[in-house]
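> My questions concern the predicted model and sequence given below.
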Amino acid sequence: MKGLTTLKDLPVSKIQEIIDTALLFKKGELKADYSGKKMALLFFENSTRTEYSFCTAMLNLGISPIYFNDRGSSIAKGETLYDTVKTFESFGIDGVVIRHSKDEYFRDLENIQIPIFNGGDGCSNHPTQTLLDLMTIYEEFGRFEGLKVTFIGDIAHSRVAHGNNEIMRRLGMETYISGPEQFADVTAPYISFEKAIEISDVINLLRIQFERHTGKLDMTKEEYFERFGMTKKREAQMKDNAIIIHPAPVNRGIEIADDMVEGKKSRILKQINNGVYIRMAVISMVLEGKL
Amino acid sequence: MKGLTTLKDLPVSKIQEIIDTALLFKKGELKADYSGKKMALLFFENSTRTEYSFCTAMLNLGISPIYFNDRGSSIAKGETLYDTVKTFESFGIDGVVIRHSKDEYFRDLENIQIPIFNGGDGCSNHPTQTLLDLMTIYEEFGRFEGLKVTFIGDIAHSRVAHGNNEIMRRLGMETYISGPEQFADVTAPYISFEKAIEISDVINLLRIQFERHTGKLDMTKEEYFERFGMTKKREAQMKDNAIIIHPAPVNRGIEIADDMVEGKKSRILKQINNGVYIRMAVISMVLEGKL
Amino acid sequence: MKGLTTLKDLPVSKIQEIIDTALLFKKGELKADYSGKKMALLFFENSTRTEYSFCTAMLNLGISPIYFNDRGSSIAKGETLYDTVKTFESFGIDGVVIRHSKDEYFRDLENIQIPIFNGGDGCSNHPTQTLLDLMTIYEEFGRFEGLKVTFIGDIAHSRVAHGNNEIMRRLGMETYISGPEQFADVTAPYISFEKAIEISDVINLLRIQFERHTGKLDMTKEEYFERFGMTKKREAQMKDNAIIIHPAPVNRGIEIADDMVEGKKSRILKQINNGVYIRMAVISMVLEGKL
């Protein structure tokens, strides 16, 4: 399959090449013009950041985005994902970006010939999110080897945590889990929140979806913030050059204090900005046959 | 009225000219650039193929599509179709593509001056679908005269069957109806399914909408497939160079076996591809004053 | 804040400059090409005219519109307007057009650095609508000073009436209210409908939203039209060169007779056309630092 659906099979050298390409786009040292090319945005789940970041990346590269509205489409008539994607392929377009709630939906698309860019599948992969997190870390520290990252929040349901953890370990980073113990899984060792604050170079906050956890998470939003929210006081206890990242959207006042979202250690807006360059890098490398 | 709303009044020479133009676009022997022009996609009914095929055709011609979302628009405030289209005309754009559930909705739009491209009206017309079917047949046989076509499925509710039948007869083709007898109407003579398989050059499958026919169609999906579905066995009984077409979306395992959608005699994906060239031909001929 | 959110603080000289720029775009005497720039359409309320007029204006200027679909976005996950706009800013795009039901929503966006174009907020501002009304009046009379304007309809809930009234008075126009007395507020003096017809240079009809006023407006649609609708007879009683404007969508047969929407004194379609030029003027002046 062409495109980028998962990072699992990608060597670390290729990950580094994507990040380097994205940094060149960011610095304006690399330009690319794919005028005349067309790619469709097939989003079957809610998204702001990923959909419009891909859209902006396409426009930056001269590619025309085709906005697909699944609510008004043949999917409502019961068409399969495969048939929908095959239809867009048959139009003669140059690629599709897909977000879908089914884990590894792309296994059903092995007969598709045009590039598929995964914008998130179920609780499994979100490769461009992982790449933009890595780019943000690399920009900060200039390396991955030996950095300590702790995931705080709903690990079990997070494609971000699972995707990031796998590749971060391959890149030589030490990964940990903290926050509510009932969220912990086998992804990485569990450490106390105090310890996480103390030792981490990167605090990777995850979105808490309270609506999903009624009954399971035995605390209120206020209690969550009290126990695990990022506050000025906790920020002060972090290492001097440590940073906070979050895939967003942020629950202000739950995972992180309102006034810290754009604070000194937060790289949340930078991540969003980097996401555009990562997607430009991924798209152009696929079109150039380098990925 | 400018544009293309129905094929009923179009001489066969003009039909042939559209197909020839589409074939030139497909072969890359004709190019057109209408950069700066803008057309709106006004779809008031579900669609994947027609809407995004028109969209791709516009982009191929350098035309900017304006994506109209009827669910968020003034239509929700009770505005008439005429007033909505008149609004887009007043913006100074160069044309509109419309799909609407009302039969011959374009009768209400006689005072509109910009080109209207009909993307399907009620159970009546779908001119670009008919044209792409004809293009696919013409590419295969190099002629229309004397070819035998049989429609299988829900003739009564099918704008495809009605639209195709009228023009196919004018082009010298013999048309028949087969499948469930309760779907037959006066469109064309009814023949048995066995006979249809045996004599047809083109089997034109139609989508069965089971949700519409509860009570009327006295058979299950399994029985339908058993009696009227296209299977490998039936394919083997067709003429050597006969083909299968379908307007899609296909109900896999009902109208046609799953593994035959992309099979030897199926032209279903080719139809989708041809649809883009037909729409490029229609749009450019209208803009050039040739249609 | 950059962009245009309200006309309240704008000197009349600047209003005139916008109108003059729009007229130059309309006459084709001014051209601008902002190819490569991207702006997002963030509409959280129903709209046809404003959203697609801004979209057409962007395309006319070479700017790529980014169509945001709020129903499928992170807003559904509870994200604030500020965080959504900050996300688009972080993508590196060049501006956003926003319509939102909250009065003066832009007060929450003071930390946004990219231009914000207000497409309507609650019952308060709709600056480009006011500007297109003024442009239409200026094209007709060549001046504002001394002209008499009467608003007919639901003043209290109309951002059009409030926005227009404030700036029209500053421009030296005399403003009045007429129609159902229960709609009158302190905006301007109330005069009888007969008097309004007799003295006005401009009749500014407003949309009546019957669904909102059950119980409050003690008359049927038929009675409203009978008492306050614009008819041929009333048109004949207007001054020779007086005109009728309406922000649309029009309720045909309620605020105005069906056959008068495109009649001699109506400038309703001209307003829609002028709206595109006003938005081109506003966008280009903001990008040039002139607004």
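Thanks, I have it.

> Tell me the helix or strand right after the least confident helix or strand in chain A by mean pLDDT.
In chain A, no helix or strand scores lower on mean pLDDT, DSSP states H and E than helix A:159-170, which sits at a mean of 90. Following helix A:159-170 in sequence order, the next helix or strand is strand A:174-178 (DSSP states H and E).

> Mind giving me the packing neighbours of that following strand?
strand A:148-152, helix A:159-170, helix A:193-199 (3 or more Cβ pairs under 8 Å, 6 or more residues apart in numbering or on different chains; DSSP states H and E). From N, CA and C alone the C-beta is placed, and that goes for glycine too.

> how about that strand as PDB, C-alpha atoms only?
The C-alpha coordinates for strand A:174-178 follow below in PDB (Å, rounded to 0.1, in the frame of the first residue of the first chain):
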ATOM      1  CA  GLU A 174      12.500   6.000  28.000                       C
ATOM      2  CA  THR A 175       8.800   5.900  28.300                       C
ATOM      3  CA  TYR A 176       6.500   5.900  31.400                       C
ATOM      4  CA  ILE A 177       2.900   6.000  32.300                       C
ATOM      5  CA  SER A 178       1.400   8.100  35.100                       C
END
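
> starting at the chain centroid, how far to that strand?
Centroid separation for strand A:174-178 versus its chain: 18 Å, with Cα atoms, centre = their mean, to the nearest Å.

> can you check stretch A:22-41 too?
Mean C-alpha position of stretch A:22-41 versus that of the full chain (Cα atoms, centre = their mean) differs by 19 Å.

> So what's the residue count around the closest residue to chain B within the stretch 101-250 of chain A?
Proximity to chain B, evaluated over the stretch 101-250 of chain A using Cβ to the nearest Cβ, is greatest for A:Asn111 at 8.0 Å. For A:Asn111, the neighbour count with other Cβ atoms under 10 Å in any protein chain shown is 11.

> Touching, it and A:Tyr82? I think so.
Yes: using Cβ atoms under 8 Å, A:Asn111 is in contact with A:Tyr82, at 7.4 Å.

> What does the pLDDT read for whichever residue of the stretch 1-150 of chain A sits closest to chain C?
For the stretch 1-150 of chain A, the residue closest to chain C is A:Thr48, as judged by Cβ to the nearest Cβ, at 4.0 Å. On the pLDDT scale, A:Thr48 is placed at 84.

> I figured it hits C:Val85, correct?
No: the criterion here is Cβ under 8 Å, and A:Thr48 misses it with C:Val85 at 10.6 Å.

> who does the strand or helix carrying A:Val97 touch, helix- and strand-wise?
Assigned by DSSP H and E, A:Val97 belongs to strand A:96-100. Counting contacts by 3+ Cβ pairs under 8 Å, 6+ apart, strand A:96-100 packs against strand A:38-43, helix A:49-60, helix A:81-90, strand A:116-121.

> okay, the third one in CSV with CA atoms only?
Output in CSV follows, covering the C-alpha atoms of helix A:81-90 (Å, rounded to 0.1, in the frame of the first residue of the first chain):
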residue,chain,number,x,y,z
LEU,A,81,-15.2,2.1,3.0
TYR,A,82,-13.4,0.1,0.3
ASP,A,83,-16.0,1.1,-2.4
THR,A,84,-15.9,4.7,-1.4
VAL,A,85,-12.1,4.9,-1.6
LYS,A,86,-12.1,2.9,-4.9
THR,A,87,-14.5,5.5,-6.3
PHE,A,88,-12.2,8.3,-5.5
GLU,A,89,-9.3,6.3,-6.9
SER,A,90,-11.4,5.8,-10.1
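
> hmm, back to that, quick one: the helices and strands packed on strand A:174-178 as CSV, columns for distance to chain C and mean neighbour count too.
Formatted as CSV, those follow (distance: least, Cβ to the nearest Cβ, whole Å; neighbours: other Cβ atoms under 10 Å in any protein chain shown):
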stretch, distance to chain C, mean neighbour count
strand A:148-152, 19, 25
helix A:159-170, 15, 22
helix A:193-199, 25, 16
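
> Looking at those, which is nearest to B:Leu42?
Closest approach to B:Leu42 among those is made by helix A:159-170 (36.6 Å; Cβ to Cβ).

> Now do that closest one: everything it contacts.
The set of residues external to helix A:159-170 that reach it, using Cβ atoms under 8 Å, 6 or more residues apart in numbering or on different chains, is A:6-8, A:10, A:12, A:15, A:120-127, A:129-130, A:133-134, A:144, A:149, A:151, A:153, A:155, A:175, A:177, A:187-188, A:204, A:206, A:247.

> How about the contacts made by A:Ser53?
By Cβ under 8 Å, 6+ apart, A:Ser53 lies in contact with A:Thr128, A:Ile272, A:Gly275, A:Val276, A:Arg279, C:Phe91.

> any idea how far chain B is from it?
Distance, A:Ser53 to chain B, using Cβ to the nearest Cβ, to the nearest Å: 19 Å.

> Now do the same contact list for the residue of the stretch 101-250 of chain A closest to chain B.
A:Asn111 makes contact with A:Tyr82, A:Lys86, B:Glu262, according to Cβ under 8 Å, 6+ apart.

> So it: helix, strand or coil?
coil (DSSP: H, G, I helix; E, B strand; the rest coil).

> Where does pLDDT dip in the stretch 151-291 of chain A?
Within the stretch 151-291 of chain A, the ranges that satisfy pLDDT under 70 run A:211-216.

> How many neighbouring residues does whichever residue of the stretch 101-250 of chain A sits closest to chain C have?
Per Cβ to the nearest Cβ, A:Pro249 is where the stretch 101-250 of chain A lies closest to chain C, at 4.3 Å. For A:Pro249, the count of nearby residues is 21 (other Cβ under 10 Å).

> Pretty sure it sits in a strand.
No: with three-state DSSP as the criterion, A:Pro249 is coil rather than part of a strand.

> The residue lying closest to A:Thr130 once chain neighbours are set aside and A:Glu174, how far apart?
In space, and not counting its chain neighbours, A:Thr130 is closest to A:Gly163: 4.4 Å by Cβ to Cβ, 6 or more residues apart in numbering or on different chains. As judged by Cβ to Cβ, to the nearest Å, A:Gly163 and A:Glu174 stand 17 Å apart.

> cool, and A:Tyr34?
39 Å.

> Isn't A:Gly229 up against A:Glu255?
Yes: between A:Gly229 and A:Glu255 there is a contact under Cβ under 8 Å: 6.2 Å.

> Of these two, which one has the most company?
Legend: neighbour count by other Cβ under 10 Å for A:Gly229 and A:Glu255, higher for A:Glu255 (25 against 22).

> and the more buried one, backbone torsions?
Main-chain dihedrals, A:Glu255, degrees, to the nearest 10: phi -80, psi -30.

> Look up which helix or strand A:Pro65 falls in, please.
Element membership for A:Pro65, per DSSP H and E: strand A:64-67.

> ok, that strand: who's next to it in the sheet?
Strand pairing for strand A:64-67, using DSSP bridges, gives strand A:38-43 (parallel).
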